[in-house]
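J.: Sequence and computational prediction follow.
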Amino acid sequence: MSRKLLPALALGLSVLIVEPAPAAKPLPPADQWIPREAIVAFELSKPKAVLDLALDPDLVKTITSSPAYQRQASKPDFQQMLNLVKYLETKLRTDWQTALHKLLDGGVTFAVGPNNATLLTVDAEDGRMLQQTHDIFRDIAKGEAEKSGHPQRVASEEYRGVTGWTFNGKETHAIVGKRLLVANNSEVLKAVADIRAKPGSRSLASSSRYQAAKKAVGTGSAGMAFVDIETLKQHSPLKKALAPAGNPLVVLLLAGLQENLRESSWLGAGLDVQKNALALRLAMDAKVKASGPTSYTEPGRAGKGALPNLSVPRRIAAMSVYRDLHKFYSAKNELFPERTSGLIFFENMMGIFFSGRDLTDEVLAEVGPEIRVVVAEQAYDPSIGTPQVRFPAFAAVFRMDNPKKFGEVVEEAWQKAIGLVNFTRGQKALPGLIIDRATHRDTKLTVAYFSATDEKDKKSLDVRFNLRPTLACFGDHLILSSTDGLAKDVIDALSKEAARPVKPMPGIHSLVELDSVRLATTLGANRENLIRQNMLEGNTREQAETHVDIILTVLEYLGQARLIVGTRNGRPSARLDLWPNLQ
C-alpha cells in the first residue's frame, strides 16, 4: 500500500485505548466524558437520520455520475481510496454504507478545548465491527511503519488500566466498550480517563452554560452544537470580531447580532432531520432590547414584522426585513461614534440627490420599515441581445408613508443619479444611459438603458447590457430595480398582493430564501468565464474545470434554503431550513 495513504489513515483513526467493557453495562452519554473546559461541542445523537439523507441512492447515483466526480475518480489518489474502501468491505463482509451505519449509529460528538485540544467520540452500534476496523487499520499502519524504517511509530501505552495506541506518534485514540475516542494529544485522553474513573467530576455535562444551551434547543433534536461564548470572548480574535462595526450597511443587515453575541454567555443550535429536509435552530441567552440604538429591528407594536417574500418568475433569492431606517440613522452617533469617511461621503451625496433635504427626518422618515429584495434570472430581449457575462437582475421594494409627495422626490433624486453616472462615463469617453418612460399595469416606469444600435455581435454584448436601471411607484410601494423586466414582474407580484393582502410575520425581522438550483443554472451559463477566472489564479484548465463543476454540483443538490431570524420569548432566535434536491 502507498505511503501516501498513511497520513489519511492516521487522521481518520489515529490512536486507540482499547478496553473491553461489560456488554450489559451501557456507557454514560458522551458529554459526561468530555472535559468541562470544552469551548465548542458538536453532538450528533441520531446519525442514522443524517446518513439516510446523505446516502440516498438517487443522490449518490447522481453525484457519482457527475463530470466533477468522474474527473476526480480517474486520479490515482482517488483510486487508492476506492481500493481501500473495497478492501474494507471485503474484510468486514459488508458494503460501506452498512458499515458506516454500524460504526456511527450510536452517536458522534466532537469537542474543542483550550489550546486547540480536540476530542472526537464515536459510539458504534456494532462494537465487534468497531474493534475489527481498528485492528485492520492497526495492521496497515504497522506494515507502513516497518517499510519506512520507523516501526516505533505505532506504539501503545497503558493508563488507568486501559491501553492506548498511536499510529503516527501524534494523535491518540481509544476504544472503551463500543465507544471510540480520538484526540490530537495524549493529555486529552488522559483527562477523559480521569473523568471516567471518577463519575460526576468536572465534565461538560456539569456546565450550567452547556445545560442551558441544551435545554434551549430541545432534547428531541437529531444533533446539537454548543459554543461557550463567555470563554471565547476572552480571546482577542473574537473580541475584535464582536467590536462595533464601522460599516453602516453591515450593521443594518446584521440586525444587532454583534451586540447579542457580546451580551450572551452561550450559543446553542439544534438539528432536526426529516425525510427530505434539515432544520437548524439557533438560540442564545442575550435579552433583546425594545429600545436603544439597536432596536431598529423591533416592531413598535404587536402584530408587526417582516412581510413574506415577493414571488416573481425565475427567482433565485429573496429577502424581506423589518428595519426602521429612520430610527437606525437617528442613532448613528451612538452606533458609529467615529463616523467613517464612507458615511460622510454617503451623507454628502444624499444631500445632493435630495436637494439638501435632511436625510434622517425628511427622507428616511418617509420610508416604512418593511423592505423587500428579490434576485431573479434575467430573460433577455432578443431584439437587444445577450451579454457575454450574464448577471441576475435584482430589485428592492420599499413602502412609502406619503407616496404622492415622496414619489416625486425620489424621481428627482433618481434622475440626478443617472445624470451623475452619465457625466462620469462621459469623462472616460464611455457610452451613457438613455432615460425613457414606459407603462405597465397603468404604472409609469422610469427606465435608463444603453443603446445597442451599434452593437454587431448580439450574442456577446458588453457586461453593461445586464443593466437597465428602473424606478417605479406602485401604490405606496417604491421599486428600485436593475432592469425594467424585473420591475414589471415585481409590479405583477404586488398587484396580486393587493387583491389578497399579505400579513406581517410577528416576531420575525429577517427572512431570506434561496433557490440554489436556479443559482447553479445562472452560474452555469457563465461556466466558461468562471473557468477562465479560476485559471487566472494559477490553476490549470483541468483544475479550474473541476473547481467550478464541484461548486455547481454542490449548489444543484443544495436545493432550497430558508433563513428566519427574529425574537422568541424576548431572546434572539434563528432557524435555517434546507430542502436538498434529491432528484
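T.: Now that the structure is in, tell me what you want to look at.

J.: Pro382: neighbour count?
T.: Other residues within reach of Pro382, judged by other Cβ atoms under 10 Å, total 8. C-beta here means a position set from N, CA and C on the backbone, and glycine is covered the same way.

J.: thinking Asp58 is in contact with Leu582, fair?
T.: Yes: if you go by Cβ atoms under 8 Å, Asp58 and Leu582 touch, sitting 5.7 Å apart.

J.: who's more crowded, those two?
T.: Set Asp58 next to Leu582 and count neighbours by other Cβ under 10 Å: Leu582 wins out with 15 against 9.

J.: for that one, helix, strand, or coil?
T.: With DSSP: H, G, I helix; E, B strand; the rest coil as the basis, Leu582 sits in coil.

J.: if I look at it, how far off is Leu514?
T.: Distance from Leu582 to Leu514, counting by Cβ to Cβ, to the nearest Å: 17 Å.

J.: again, but for Pro26
T.: Here Pro26 is placed at a distance of 42 Å from Leu514 (Cβ to Cβ).

J.: for Phe450, same thing?
T.: Relative to Leu514, Phe450 is positioned 30 Å away (Cβ to Cβ).

J.: where exactly do the helices run in the stretch 351-500 of the chain?
T.: Secondary structure of the stretch 351-500 of the chain (DSSP state H, counting those that start in this stretch): helices at 403-427, 484-499.

J.: Ok, which of the ones you listed comes nearest Arg562?
T.: When the helices of the stretch 351-500 of the chain are compared by Cβ to Cβ, helix 484-499 sits nearest Arg562, at 18.1 Å.

J.: and that closest one, what other elements does it pack with?
T.: Secondary-structure packing of helix 484-499 (3 or more Cβ pairs under 8 Å, 6 or more residues apart in numbering; DSSP states H and E): strand 367-376, strand 393-400, strand 434-440, strand 443-449, strand 470-474, strand 477-481.

J.: Sheet-wise, list the partners of the last one with their directions.
T.: Strand 477-481 has these partner strands in its sheet, going by DSSP bridges: strand 393-400 (antiparallel), strand 470-474 (antiparallel).

J.: go on, the fourth one?
T.: As defined by DSSP bridges, the strand partners of strand 443-449 come to strand 434-440 (antiparallel), strand 470-474 (antiparallel).

J.: Render the CA-only coordinates of the first one in PDB, please.
T.: Listed next in PDB are the C-alpha coordinates belonging to strand 434-440 (Å, rounded to 0.1, in the frame of the first residue of the first chain):
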ATOM      1  CA  ILE A 434     -30.600  57.000 -22.100                       C
ATOM      2  CA  ILE A 435     -33.600  57.800 -19.900                       C
ATOM      3  CA  ASP A 436     -37.100  56.700 -21.200                       C
ATOM      4  CA  ARG A 437     -40.600  56.200 -19.800                       C
ATOM      5  CA  ALA A 438     -42.700  53.100 -20.000                       C
ATOM      6  CA  THR A 439     -46.000  51.900 -18.600                       C
ATOM      7  CA  HIS A 440     -47.000  48.600 -17.100                       C
END
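
J.: buried residues in stretch 275-292?
T.: Using 16 or more other Cβ atoms under 10 Å as the test for burial, stretch 275-292 gives 278-286, 288.

J.: if we can go back for a sec, can you tell me which of the strands paired with strand 477-481 comes nearest to Lys198?
T.: Across the strands paired with strand 477-481, closest to Lys198 is strand 393-400 (Cβ to Cβ), at 59.6 Å.

J.: which residues are contacting that closest one?
T.: With contacts defined as Cβ atoms under 8 Å, 6 or more residues apart in numbering, strand 393-400 is touched by 310, 366-368, 370-378, 406-407, 466, 473, 476-483, 485-487, 490, 494.

J.: quick revisit: which one's more surrounded, Pro26 and Leu514?
T.: Remark: of Pro26 and Leu514, Leu514 carries more neighbours, 21 against 11, as counted by other Cβ under 10 Å.

J.: Flag every buried residue along the one helix or strand that one maps to.
T.: Assessed by DSSP states H and E, Leu514 sits inside strand 508-515. Within strand 508-515, the residues that count as buried by 16+ other Cβ under 10 Å are 508-515.

J.: what's the answer for stretch 106-116, then?
T.: Buried positions in stretch 106-116, judged by neighbour count with 16+ other Cβ under 10 Å: 106-113.

J.: With stretch 342-356 instead?
T.: 343, 350, 353-354.

J.: can you check stretch 127-144 too?
T.: 127, 129-131, 133-134, 136-138, 140-141, 144.

J.: Closest to Ala73 out of these?
T.: Closest approach to Ala73 among those (Cβ to Cβ): Ile140, at 22.4 Å.

J.: separation between that closest one and Asn83?
T.: Using Cβ to Cβ, Ile140 is found at 12 Å from Asn83.

J.: Quick one: low-confidence residue ranges for the stretch 201-350 of the chain.
T.: Within the stretch 201-350 of the chain, the ranges that satisfy pLDDT under 70 run 236, 244-246, 300-301, 339-340.

J.: Run through who's touching stretch 86-105.
T.: Stretch 86-105 is contacted from outside by 47-48, 51, 55, 85, 122, 124-126, 129-130, 132-133, 136, using Cβ under 8 Å, 6+ apart.

J.: Output that stretch as PDB, restricted to C-alpha atoms.
T.: The C-alpha coordinates for stretch 86-105 follow below in PDB (Å, rounded to 0.1, in the frame of the first residue of the first chain):
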ATOM      1  CA  LYS A  86     -13.300  -2.200  -1.400                       C
ATOM      2  CA  TYR A  87     -10.600  -3.800   0.900                       C
ATOM      3  CA  LEU A  88     -12.500  -2.800   4.000                       C
ATOM      4  CA  GLU A  89     -15.800  -4.100   2.500                       C
ATOM      5  CA  THR A  90     -14.200  -7.400   1.900                       C
ATOM      6  CA  LYS A  91     -12.600  -7.700   5.400                       C
ATOM      7  CA  LEU A  92     -15.800  -6.500   7.100                       C
ATOM      8  CA  ARG A  93     -18.000  -8.600   4.800                       C
ATOM      9  CA  THR A  94     -20.500  -5.700   4.200                       C
ATOM     10  CA  ASP A  95     -20.900  -2.700   1.900                       C
ATOM     11  CA  TRP A  96     -19.500   0.700   3.000                       C
ATOM     12  CA  GLN A  97     -23.000   2.200   3.600                       C
ATOM     13  CA  THR A  98     -23.900  -0.500   6.000                       C
ATOM     14  CA  ALA A  99     -20.500  -0.300   7.700                       C
ATOM     15  CA  LEU A 100     -21.000   3.500   8.200                       C
ATOM     16  CA  HIS A 101     -24.300   2.900   9.900                       C
ATOM     17  CA  LYS A 102     -23.000   0.200  12.200                       C
ATOM     18  CA  LEU A 103     -19.900   2.300  13.100                       C
ATOM     19  CA  LEU A 104     -21.700   5.600  13.600                       C
ATOM     20  CA  ASP A 105     -25.300   5.000  14.500                       C
END
